[in-house]
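S.K.: Make a model of this:
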Amino acid sequence: MGAMLKQLVSRGEVTEDLRNAFHKAKREFGGRRPLLADLMGMLRTAIATIPRVFICVDALDECLPKHLPDLLRSLRNIAQESPTMKIFFTGRPHVREDMQIFFTKAVVMPIAPHTSDIRSYVEMRLTRDSEPEAMSSDLRADIVRVIPEMISDMCVGPLPTPALSMMYTYQRLCLDSSLFRSASMPF
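M.R.: A predicted model of the protein is given here:
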């Protein structure tokens, strides 16, 4: 949350409210970082001053499992109060269930690489090798054959368009904050 706040306030002038909240938190905690509740308040204030906000959380699966619920809950709470905010997550499939607990109407889009894209990437990286003479042509052929097969086996399946392929399987989790202000939502 602190990193998001820093990015939002670095784009322009820091309001007096934010400056005061930060200094207050700093005094109260002996110079340590503000607590999550304080960061949440500051983030809400910063978002309210910007006409349109996009938050992108890449590699949600790399968040420590013990911190993931707090992060998702905090983002959901901010999204409920911020009609101009959009959230975009990427993460491996195993975090989808956790994310959907907090964002029940999220649009999920699986993304998987095509074997040909992986092969092209591996070949390109091999041509940039600083010591090409250290690799035999047989080893190179094995690398170009095996790596795309191994990565393809880890993926959930191809998308209909090659323009959306990536090196690793991710779930793209797109959230629109307007989904959270419905009267039927049990938040």
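S.K.: What residues of whichever strand or helix holds residue 141 count as buried?
M.R.: In this assignment (DSSP states H and E), residue 141 forms part of helix 137-154. Using 16 or more other Cβ atoms under 10 Å as the test for burial, helix 137-154 gives 140, 147, 148, 151, 152. For glycine as for every other residue, the C-beta is placed from the backbone atoms N, C-alpha and C.
S.K.: This structure: strands as residue ranges?
M.R.: Here the chain has its strands, by DSSP state E, at 53-57, 85-91, 107-111, 170-176.
S.K.: which stretches of this protein form helices?
M.R.: With helices called from DSSP state H, the chain shows them at 2-9, 16-28, 36-48, 68-81, 96-102, 115-127, 137-154.
S.K.: any chance of the buried residues of helix 137-154 in TSV, plus pLDDT and distance to residue 72?
M.R.: Shown next, in TSV, are the buried residues of helix 137-154 (pLDDT from 0 to 100; distance: Cβ to Cβ, whole Å):
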residue	pLDDT	distance to residue 72
140	92	44
147	88	33
148	86	34
151	75	28
152	57	30
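S.K.: hmm, which two among those are most spread apart?
M.R.: Comparing every pair within the buried residues of helix 137-154 by Cβ to Cβ identifies 140 and 152 as the most remote, at 19.2 Å.
S.K.: out of the buried residues of helix 137-154, which one sits closest to residue 60?
M.R.: Among those, and counting by Cβ to Cβ, the member closest to residue 60 is residue 151, at 20.4 Å.
S.K.: thinking again about what came up before, weakest of the helices of the chain in terms of mean pLDDT?
M.R.: When those are compared by mean pLDDT, helix 16-28 comes last with a mean of 75.
S.K.: who does that one touch, helix- and strand-wise?
M.R.: Judged by 3 or more Cβ pairs under 8 Å, 6 or more residues apart in numbering; DSSP states H and E, helix 16-28 is in contact with helix 36-48.
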